[in-house]
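Participant: build me a model from this:
(chains A and B)
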Amino acid sequence: MPTLYESLGGQAAVDAAVDIFYRKMLADERVARFFEAVDMDRQAAKQKAFLTMVFGGPANYTGKDMTRAHSHLLRDGLNDTHVDIVIAHLGATLGELGVAQGLIAQVAAIAESVRDDILGRRGAGA
Amino acid sequence: MAELRYRGTVVQRGEDETVLDALERAGVAPPSSCRAGACQSCLLRARAGTPPADAQRGVRESLRLRGYFLACRARPDGDLELDDGDEDRQVEAEIVELGHLSDDVLGVRLMPRRAFEHRAGQYVTLRRHDGPSRSYSIASLPEAGALELHVRVVPGGAMSGWLAHTARVGDTVSLQGPAGDCFYLQDRPTQDLLLAGTGTGAAPLLGILRDALRHGHRGQVVVVHGARTHAGLYLEQAFSSLARAHANVRYHRAVLAGEPSDGVTVGPLDAVLSDLVPVPKDWGIVLCGDPGVVHAARRRVFLAGAAMADIRADAFVPTAAAPGLA
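Facilitator: Coordinates of the predicted model:
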């Protein structure tokens, strides 16, 4: 049975999704400030790593990494509402790419599973 | 904490320090200029140990594979044994032509003493024999032999002031590079291209346009040069004559202050681009010049539908002084 990552289309699916996803973030004024970066290449690379992870792909992220990567955004007010918006955009991105609802739900569940790490509620960060 | 060995000195890298910071603190600093990962002046080679991958971004593959990385971007966790690398990365070049293109832009032609592989639109780092180094983009085609660079004369500028007032034809400098991915891609001859920039960002755009035309590019090419005022549009003649000679080339000018006229729009570059090409989906886009303008334009064309992979940008980062050395 194929893995989630294989079902979605692997690396090619991540490549197809990253521009759509990143564009949605920058265009949504509720979350754009968390995604603004002078170095757009680096920002896009981060989105790609995130998408690879939530697509069930070969990601090297740990919960601790997620906490560390977002700690400076918490100081800027990152909260549950923003995570909700991001997960909704993630679903919409996959919908645009014609991904089946069942697979979208699996991706959203993985994103949900790191919510507490992102928001620094797991106490994993040092 | 990582231990760095360089020129006979051993330094412990401090928690937030880059390799460049740590070496400067120890008094064995390599050359550096932008401190932002762009100019590649601070390129070092790790003879032992693994440099961080993100400190190798933009470094040519042939060098990357041999352990070269940018000291200003590197915060390694492991120990590194460092040196300045092969002598053959640098080429002596002779100044063969030197003259003003406008009040504050110099045209410089440099003839490398031996083969120096490069593409029009890439940038090179020039080093004077007594120290300072600065990066400039290449406006000429490799067939021209000499490299054509456009140098904005900065008041008190260590390199531009020297070129403007002291340097003479026949003097030599050393050339390092090239670097950068702003050059013509010949595998997509029908793609529409948007080449936009401010100030001497026009130099790489001219280079890329020349390269596109030499390869018989069939898609349209829209060139947009922005400046504060009309006086800054120093390549008006060169671009206009190429546009007249080629039906698929359009040349637009954008100024921040002045009167609009035929082919001249008043407004920030990103807004002008958005008017000219409202939906840049599938366009190949090159943006060069002022970092703020390049960023705004990049963001705008991306939001309007251009793919990240189709946008190449070269922000001309001003030279930064080392902390404490200013």
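
Participant: only alpha carbons, please: show the helix or strand hosting A:Arg33 as PDB.
Facilitator: Taking DSSP states H and E as the definition, one finds A:Arg33 inside helix A:32-35. C-alpha atoms of helix A:32-35 as PDB (Å, rounded to 0.1, in the frame of the first residue of the first chain):
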ATOM      1  CA  ALA A  32       1.300  37.500   5.800                       C
ATOM      2  CA  ARG A  33       3.600  39.200   8.400                       C
ATOM      3  CA  PHE A  34       4.700  35.800   9.600                       C
ATOM      4  CA  PHE A  35       5.800  34.800   6.100                       C
END
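
Participant: centre of the chain to it, how far?
Facilitator: Relative to its chain's centre, helix A:32-35 lies at 13 Å (C-alpha atoms, centre = their mean, to the nearest Å).

Participant: which residues sit against the helix or strand that it is followed by?
Facilitator: The C-terminal neighbour of helix A:32-35 among helices and strands, as given by DSSP H and E, is helix A:40-54. Residues from elsewhere that reach helix A:40-54 (C-beta atoms under 8 Å, 6 or more residues apart in numbering or on different chains): A:11, A:14-15, A:17-19, A:21-22, A:25, A:35, A:37, A:58-59, A:61, A:69, A:90, A:107, A:110-111, A:114, B:54, B:57, B:295, B:298-299, B:302, B:308, B:313. Heads up, the C-betas are built off the backbone N, CA and C, glycines and all.

Participant: on that earlier part again, so which other helices or strands are in contact with the helix holding A:Arg33?
Facilitator: helix A:10-27 (3 or more C-beta pairs under 8 Å, 6 or more residues apart in numbering or on different chains; DSSP states H and E).

Participant: would you verify that B:Thr125 is located in a strand?
Facilitator: Yes. When DSSP: H, G, I helix; E, B strand; the rest coil is applied, B:Thr125 is found to be in a strand.

Participant: let me see the contact set for it.
Facilitator: Going by C-beta under 8 Å, 6+ apart, B:Thr125 touches B:33, B:39-41, B:133-135, B:175-177, B:179.

Participant: can you pull up the bridge partners for it?
Facilitator: B:Ser135, B:Gln176 (DSSP bridges).

Participant: residues of stretch A:2-21 that come out buried?
Facilitator: For stretch A:2-21, the neighbour count (16 or more other C-beta atoms under 10 Å in any protein chain shown) marks A:5, A:7-8, A:10, A:13-14, A:16-19, A:21 as buried.

Participant: among those residues, which are within reach of chain B?
Facilitator: A:18-19 (C-beta under 8 Å from any C-beta of the partner chain).

Participant: can I get the buried residues of stretch A:2-21 in JSON lines including pLDDT and distance to B:Ala164?
Facilitator: Formatted as JSON lines, the buried residues of stretch A:2-21 follow (pLDDT from 0 to 100; distance: C-beta to C-beta, whole Å):
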{"residue": "A:Tyr5", "pLDDT": "92", "distance to B:Ala164": "58"}
{"residue": "A:Ser7", "pLDDT": "92", "distance to B:Ala164": "62"}
{"residue": "A:Leu8", "pLDDT": "92", "distance to B:Ala164": "57"}
{"residue": "A:Gly10", "pLDDT": "89", "distance to B:Ala164": "55"}
{"residue": "A:Ala13", "pLDDT": "91", "distance to B:Ala164": "54"}
{"residue": "A:Val14", "pLDDT": "90", "distance to B:Ala164": "49"}
{"residue": "A:Ala16", "pLDDT": "91", "distance to B:Ala164": "50"}
{"residue": "A:Ala17", "pLDDT": "94", "distance to B:Ala164": "50"}
{"residue": "A:Val18", "pLDDT": "93", "distance to B:Ala164": "45"}
{"residue": "A:Asp19", "pLDDT": "94", "distance to B:Ala164": "43"}
{"residue": "A:Phe21", "pLDDT": "95", "distance to B:Ala164": "48"}
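
Participant: gap between B:Gln122 and B:Val105?
Facilitator: Applying C-beta to C-beta, to the nearest Å, the value for B:Gln122 to B:Val105 is 19 Å.

Participant: surely B:Gly37 is in a strand?
Facilitator: No. B:Gly37 is assigned coil when assessed by three-state DSSP, not a strand.

Participant: quick one: contacts for it?
Facilitator: B:55, B:57-58, B:70, B:72-73.

Participant: among those residues, which one has the lowest pLDDT?
Facilitator: Across these, the smallest pLDDT goes to B:Gly58, namely 81.

Participant: surely that one and B:Ala179 touch.
Facilitator: Yes. Taking contacts as C-beta atoms under 8 Å, B:Gly58 lies within contact range of B:Ala179: 6.3 Å.

Participant: of those two, who's got more company?
Facilitator: A direct count of neighbours by other C-beta atoms under 10 Å in any protein chain shown for B:Gly58 and B:Ala179 places B:Ala179 higher, at 20 against 15.

Participant: residues contacting the more buried one?
Facilitator: Listed by C-beta under 8 Å, 6+ apart, the contact set of B:Ala179 reads B:40, B:58-60, B:122-125.

Participant: span of stretch B:123-135 from start to end?
Facilitator: End-to-end distance for stretch B:123-135, by C-alpha to C-alpha, to the nearest Å: 6 Å.

Participant: list the buried residues of that stretch.
Facilitator: B:123-128, B:132-135.

Participant: tell me the one of the residues you listed nearest chain A?
Facilitator: Nearest to chain A out of these is B:Tyr123 (C-beta to the nearest C-beta; 16.8 Å).

Participant: looking at chain B, which helix or strand is least sure?
Facilitator: helix B:61-64 (a mean of 78; mean pLDDT, DSSP states H and E).

Participant: is that helix positioned near chain A?
Facilitator: No. Judged by C-beta under 8 Å from any C-beta, helix B:61-64 and chain A are separated, with a smallest distance of 16.0 Å.

Participant: burial of B:Asp21, as a residue count?
Facilitator: Counted with other C-beta under 10 Å, residues neighbouring B:Asp21 total 22.

Participant: so, low pLDDT: which residues of chain A?
Facilitator: A:59-61, A:123-126 (pLDDT under 70).

Participant: what is the burial count for B:Arg298?
Facilitator: That count, for B:Arg298 with other C-beta under 10 Å as the rule, works out to 23.

Participant: what parts of chain A come near chain B?
Facilitator: So chain A meets chain B at A:18-19, A:22-23, A:26-27, A:38, A:40-42, A:44 (C-beta under 8 Å from any C-beta).
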